[in-house]
Structures are given as C-alpha cells and as structure tokens.
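# structure of the sequence below:
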Amino acid sequence: MRVWGDREAAVKGRALVLGGGGFTGIAWELGILAGLAEAGVDLSTADLLIGTSAGSVVGSLLASEPSLEERYQTQLEDPIDEVAARLTTRTLLAYGWAMLRSRAPEQYRARLGALALAAASMTPEERKAVIASRLPVAEWPEQPLLITASDAHTGEFTVFDRESGVELIDAVAASCAVPGVWPPAAVNGHRYIDGGMRSATNADLADGHERVVIIAPVTAGGGLVTSAARHAEQLRANGARVTLVSPDRDSRAAIGRNMLDPSRRAGSARAGRAQAARIVETIGVVWS
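As a prediction, this is how the structure comes out:
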C-alpha cells in the first residue's frame, strides 16, 4: 500500500468514512450529512475524513466552503454537466472473470486496470473536466482528508492527502475512475483507477480513531474486495465505537439500479435527508 504524506497527526478522535456509490451516492451522502447537521449532529467536525470514489467528492466538498446546506441544494439542480453511464452486464462479468483469475487483491486490481485502459470511452483530460465541474474547489483542505485509488498497472492501493504532491482534483479523478466506465486518471506519470476496487469504503484507514461513522451507499464485498461490514467489525475489535449507515428501503428506491444515472440525483439527495431524521439518535450516540 502506498500512503502519501504524514498521517501521524490524524490518529485518535473521530473519523468520518465516505464510501463509493456513483452520482446518486454523492447526492445521498450529502442528503444524509445535511439532514444530520440540521438535527444537531454535524459530522463535518471529524478529525479525519476518508473518501472513496463518490466519497472523495463529498469529503472534498464537506471540508470546504460554502456551507453543507448549500452543497446539498446543488444536488437538487439539473445535472447539466454530468455524463450518463452505467455498469453494463459485460463489464460486471469482466470484473467477475478478473476476480476468478486473481490470487491476490493487487493482481485483481491490476486486471481491472488493464480493462480500464482498454475500454476508456473518453480521454483522462475530458474526464478531469467533468470532475472539475462537480468539484468547485481546487485546494486541499486544512482538515485531514484521505482519498483512495489504485495504480492501474500494478494494482497497488494508494492513499492521497495534502502532502502527496498531487492536486486535489487529480486525486478525486483517480478515486472516481470506475474501470470499464471511465478512463484511468493520469496523475504525475501514473494511471489510477477507482479506490472502491479495494473496498467500497476503505474504512480500515480509520483504525486508531475512537469514534467512526461510515456512510456507505454500497456495502457489499466478497472475494478480494473487503465489505464495509468487515471493516466495521475490524475497527470495533480494535476498540472503536462504530456505526455503519447504508441506504434504507426508501433510499434504495430513490437511488435505483443505476448509480451512474444523473437524473436520479435530486431524488437520492432528498431520500438521504429523510433517512437522516430516522438515524440521528444512533449517529449521535457514537459521534458525541
């Protein structure tokens, strides 16, 4: 695992883990966060933010101006700058075949990297422009933020932070590069794919923190990909108080089957906000 920067200052305290989940995942997470803040539980005060794929976008927005409420409101607008996509059956079968052929997580991710390099539907520069429209912040926040990705050639898991020498937008583009859908991001001479190919949350990066909230649009794992629940169990075994939030029935209905469908963004945001009212007490117990 390649970890840039110095994480010693980020140990202990409270960690907020934001998992992957496409366009709808961004919206749903912002809805959850806005609803919780409205109810008096402000997760933006975390001592450490960990973002994977969609969560890298949300973490970057959460640690910057303007307010969380304003960020939420943007999710209710028409997503005019987004490009619709989907994980096709063919791509999912390619994921499964890569899993069956691999004996180690790095080997699996390298195979997905090869898939991504061969199937790129746009250039890394075009994809970066889409990310830039989604992320109107250019600088890393002072608040500790970790963004996850994997090397497209070697499969090595990589964690970027403000000390990594990588621009924030490049780190986010790398974390959001879903293999077979978007091209691997080009960053400082390397190519990177989605951090969710190791885990939908990579919540184990919060190890050492006393209180951890994991917000995960996708919790599944299996084989060489660690599930959100497994990481939560590991954190609890190491002494942390942990709660894992995933979409409830109403939120799943709003999100739909295609998490890469921009037309479902507003409904997903509203569903997340409504769900927040139903979980605020549970989150508050862990957070405070």
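
# with just CA atoms, put the top helix by length along the chain into PDB.
Identified as the longest helix of the chain according to DSSP state H is helix 265-287. These are the backbone C-alpha positions of helix 265-287, laid out as PDB (Å, rounded to 0.1, in the frame of the first residue of the first chain):
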ATOM      1  CA  ARG A 265     -29.500  12.800  -8.200                       C
ATOM      2  CA  ALA A 266     -32.200  15.000  -6.700                       C
ATOM      3  CA  GLY A 267     -34.300  12.100  -5.500                       C
ATOM      4  CA  SER A 268     -31.300  10.400  -3.900                       C
ATOM      5  CA  ALA A 269     -30.400  13.600  -2.100                       C
ATOM      6  CA  ARG A 270     -33.900  14.000  -0.700                       C
ATOM      7  CA  ALA A 271     -34.100  10.400   0.300                       C
ATOM      8  CA  GLY A 272     -30.800  10.700   2.200                       C
ATOM      9  CA  ARG A 273     -32.000  13.800   4.000                       C
ATOM     10  CA  ALA A 274     -35.200  12.000   5.000                       C
ATOM     11  CA  GLN A 275     -33.300   8.900   6.200                       C
ATOM     12  CA  ALA A 276     -31.100  11.100   8.300                       C
ATOM     13  CA  ALA A 277     -34.000  12.000  10.500                       C
ATOM     14  CA  ARG A 278     -34.600   8.300  11.200                       C
ATOM     15  CA  ILE A 279     -31.000   7.600  12.300                       C
ATOM     16  CA  VAL A 280     -29.900  10.800  14.000                       C
ATOM     17  CA  GLU A 281     -30.100   9.300  17.500                       C
ATOM     18  CA  THR A 282     -28.000   6.300  16.600                       C
ATOM     19  CA  ILE A 283     -25.300   8.500  14.900                       C
ATOM     20  CA  GLY A 284     -25.400  11.000  17.800                       C
ATOM     21  CA  VAL A 285     -24.600   8.300  20.400                       C
ATOM     22  CA  VAL A 286     -21.400   7.300  18.500                       C
ATOM     23  CA  TRP A 287     -20.400  10.800  17.400                       C
END
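
# just give me how far it sits from the chain centre.
From the chain centre to the centre of helix 265-287 is a distance of 17 Å (C-alpha atoms, centre = their mean, to the nearest Å).

# go on, stretch 222-230?
Computed by C-alpha atoms, centre = their mean, the chain-centroid distance of stretch 222-230 equals 15 Å.

# rewinding a little: okay, buried residues for the longest helix of the chain please.
Of the residues in helix 265-287, those buried under the neighbour-count criterion (16 or more other C-beta atoms under 10 Å) are 265-276, 279-280, 283, 286-287. Placement of C-beta: from N, CA and C, glycine included.

# for the nearest residue to residue 37 once chain neighbours are set aside, which residues are in contact?
Leaving aside its chain neighbours, residue 37 sits nearest to residue 68 (5.5 Å; criterion: C-beta to C-beta, 6 or more residues apart in numbering). Residues in contact with residue 68 (C-beta atoms under 8 Å, 6 or more residues apart in numbering) are 30, 33, 34, 37, 42, 44, 62.

# and the helix or strand where the first one lies, how far out from the chain's middle?
Assigning secondary structure by DSSP states H and E places residue 30 in helix 22-38. Taking C-alpha atoms, centre = their mean, one finds the center of helix 22-38 at 12 Å from the center of the full chain.
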